[in-house]
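Colleague: can you look at this prediction? I've put the sequence above it.
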Amino acid sequence: MTTTPLAELTTMQVGGSPDRLITATTGDELLAAARGAFASDEPWFVLGGGSNLVASDEGFEGTVIRVATRGVEVLSQDAQRVRLRVAAGEPWDALVAFAVEHGWSGIEALSGIPGSTGAAPVQNIGAYGQEVASSLVGVDFLDADTGEFVRVPAANLSLGYRTSVFKASTHDPAASGVPARSGVIVAVELELGDTSGESAPVAYAQLAAALGVELGARVPLADARRRVLELRASKGMVLDPADRDTYSSGSFFTNPIVPPSALEGVPADAPRWQTAPEAADVAVPLGSPPAPPPAYEPADVKLSAAWLIERAGIARGFHLPGSGAAISSKHTLAITNRGGATAADVAELARYVQSRVAAEFGVVLRPEPILLGVSL
C-alpha cells in the first residue's frame, strides 16, 4: 500500500512514506486510531502540523497518526480571564488569531508559529518573551502505557526550554532526568487574559523596539500580533510558498545552556545570559539586579546559537556542494530546503554546523526539531 510521503506533510518537505497513515479528523477517530496503534506490536508516531519534524528519506516502518481535529470551546469566562479547550489538531496560529480577535491576551507573541495546538506543549513553544507554559492549564491525554484517557495538569508536564515530559528521550538532552510520557494529546486547555484588547506586558526588547514602546508596556493586541508576524517574516519564520527560506523546521538548534566550565573557549564578547527563573527562554542579561532562583543551576549560562554559528564562519545562505539544504538567507538558526533537498542533506549540513561550532568554541549545539529516523 502506498501512503502519502512525509515530505508532503512537513514544512521541511523531506521524508519518505510511512507504512500506514491514519488521518483523524474527530476526537473519536483520534482515540480509535491511537488505541489501535498502541495495541499493535509495530512502531507508531503522532504527526501534527509537521513544522518541527525532520523525517527519514526511508519513511517510517509503522503507523503515523495524523491529528487533524478541529475546535475551540470556551469553558469559562469572567471579567479577567477566559479558559479554552482546544482540539489538538487546531492550527496554532489560527488559535492565536482567534484569541486576538476576541481580545484575549497571553499568546499574541506566539503569532506565526506553525504547527498544531497539540504540539505546542510538547515543544513548550516560545517566542518574543512568551511561552505556552505561561497560559497552559493542562492537556487531555491518552496514555500509551496505561491505556487511560486522563487530564494532566501543566504542573506535571516538566515544561522547560523547548521540552516537556512528552519530548523527553535520549535524543533530547534538555530533558535529561525527565521521565518520558508516551501517548497522544487529544486537547489542550489554556487560560488567557480578557484584557479588553490589550496585550500582555511586552517582555522582549526587539518586539518593544518594533512597537516603539518600553518593556512592560501594553499595546493593542492587533498591533502586537502584526509586529510579531513582521519580525518573524523578516527571519523567514512565517510560512510562505513563495519564500524558500520558510521551507524549514524553524530554528534548527536551541540556544545552548552551559556551565561556566564550558565557557573557556567562548569569546568574552559572545552574547550570554543568566538563565531566568521558571521561564527558561526569557533571558536576563548578566549584571542585572538579583532575581529569584533560576530554573537551571544558578551558574548556568545561555549562549546565542546564531552568534556561535556565524562566528564559526557559517554565513546566511551557506550550503555544502551539491546539497539542496542550506542555511536560511535570513536567519542562521534555520536550515532550509532550497529545492530537492533530502533528509540526508539536512542532516549532513546540521552535522557540519555542529562540528564547526564545537571545533571553534567547544560548545555542542543540540537540534530543536524531532528527528524521525534521522541521526546527527
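Modeller: Looks like it arrived, so ask away. Numbers count the residues shown, from 1 in each chain.
Colleague: and the strands in the stretch 101-250 of the chain, which stretches?
Modeller: With DSSP state E, counting those that start in this stretch, the ranges of strands along the stretch 101-250 of the chain come out as 104-105, 126-127, 130-131, 136-143, 149-153, 183-194, 248-251.
Colleague: name the residues that touch the second one?
Modeller: The contact list for strand 126-127 (Cβ atoms under 8 Å, 6 or more residues apart in numbering) reads 109-110, 113, 132-133, 161-162, 228, 232, 279, 281. The C-beta positions use only the backbone N, C-alpha and C, and glycine is treated the same way.
Colleague: and the end-to-end length of stretch 14-31?
Modeller: Across its full length, stretch 14-31 reaches 28 Å between end residues, using Cα to Cα, to the nearest Å.
Colleague: quick one: it to chain centroid distance?
Modeller: Offset of stretch 14-31 from its chain centre (Cα atoms, centre = their mean, to the nearest Å): 21 Å.
Colleague: check stretch 154-164 too.
Modeller: Relative to its parent chain, stretch 154-164 has a centroid offset of 12 Å by Cα atoms, centre = their mean.
Colleague: mind listing what's buried in that stretch?
Modeller: By neighbour count on 16 or more other Cβ atoms under 10 Å, the buried set for stretch 154-164 is 154, 157-164.
Colleague: hang on, the earlier thing: R81 is nearest to which of the strands of the stretch 101-250 of the chain?
Modeller: strand 183-194 (5.7 Å; Cβ to Cβ).
Colleague: out of the buried residues of stretch 154-164, who's nearest L349?
Modeller: Among those, R162 lies closest to L349 (Cβ to Cβ), at 20.3 Å.
Colleague: now do the domain split for the protein, please.
Modeller: Recorded structural domains for the chain (assignment: automatic domain parsing) are 6-67, 72-234, 244-372.
Colleague: could you find the closest non-adjacent residue to A326?
Modeller: H319 (3.6 Å; Cβ to Cβ, 6 or more residues apart in numbering).
Colleague: per-residue confidence at that neighbour?
Modeller: On pLDDT, H319 comes in at 97.
Colleague: any chance of the strands of the stretch 101-250 of the chain in CSV, plus mean pLDDT and mean neighbour count?
Modeller: Shown next, in CSV, are those (pLDDT from 0 to 100; neighbours: other Cβ atoms under 10 Å):
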stretch, mean pLDDT, mean neighbour count
strand 104-105, 96, 25
strand 126-127, 95, 22
strand 130-131, 96, 26
strand 136-143, 97, 20
strand 149-153, 96, 14
strand 183-194, 96, 22
strand 248-251, 95, 26
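Colleague: in the stretch 51-200 of the chain, which spans are helices?
Modeller: Here the stretch 51-200 of the chain has its helices, by DSSP state H, counting those that start in this stretch, at 92-101, 120-123.
Colleague: would a markdown table of those helices with distance to M237 and mean neighbour count be doable?
Modeller: Listed next are the helices of the stretch 51-200 of the chain as a markdown table, based on distance: least, Cβ to Cβ, whole Å; neighbours: other Cβ atoms under 10 Å:
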| stretch | distance to M237 | mean neighbour count |
| --- | --- | --- |
| helix 92-101 | 11 | 20 |
| helix 120-123 | 14 | 26 |
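Colleague: least confident of these, on average?
Modeller: Ranked by mean pLDDT, the helices of the stretch 51-200 of the chain bottom out at helix 120-123, with a mean of 94.
Colleague: which elements pack onto that one?
Modeller: Helix 120-123 sits against strand 136-143, strand 183-194, with contacts defined as 3 or more Cβ pairs under 8 Å, 6 or more residues apart in numbering; DSSP states H and E.
Colleague: okay, now the unreliable bits of the stretch 251-376 of the chain?
Modeller: For the stretch 251-376 of the chain, the stretches with pLDDT under 70 are 275-299.
Colleague: try 90 this time
Modeller: 259-264, 273-300 (pLDDT under 90).
Colleague: residue boundaries of the helices in it?
Modeller: For the stretch 251-376 of the chain, the helices defined by DSSP H, counting those that start in this stretch cover 305-311, 343-361.
Colleague: show me the contact partners of the first one.
Modeller: Contacts of helix 305-311 from elsewhere in the structure, counted by Cβ under 8 Å, 6+ apart, are 251, 253-256, 266-267, 270-271, 327, 331-333, 353, 356-357, 360-361, 363, 365.
Colleague: run the chain-centre distance for that helix.
Modeller: 20 Å.
Colleague: with stretch 313-324 instead?
Modeller: Distance of stretch 313-324 from its chain centroid, counting by Cα atoms, centre = their mean, is 24 Å.
Colleague: and that stretch, how far apart are its ends?
Modeller: Criterion Cα to Cα; first-to-last residue distance in stretch 313-324 is 20 Å.
Colleague: do the same with stretch 36-48
Modeller: Chord length of stretch 36-48, first to last residue, is 18 Å (Cα to Cα).
Colleague: got it, and stretch 259-266?
Modeller: 12 Å.
Colleague: what's the closest non-adjacent residue to I107?
Modeller: If the residues on either side of it in the chain are set aside, I107 comes closest to V96, at 5.3 Å by Cβ to Cβ, 6+ apart.
Colleague: for the one you found, give me its contacts.
Modeller: Going by Cβ under 8 Å, 6+ apart, V96 touches 107-108, 110-111, 113, 225.
Colleague: could you rerun that using 6 Å?
Modeller: 107, 110-111 (Cβ atoms under 6 Å, 6 or more residues apart in numbering).
Colleague: no further questions, thank you.
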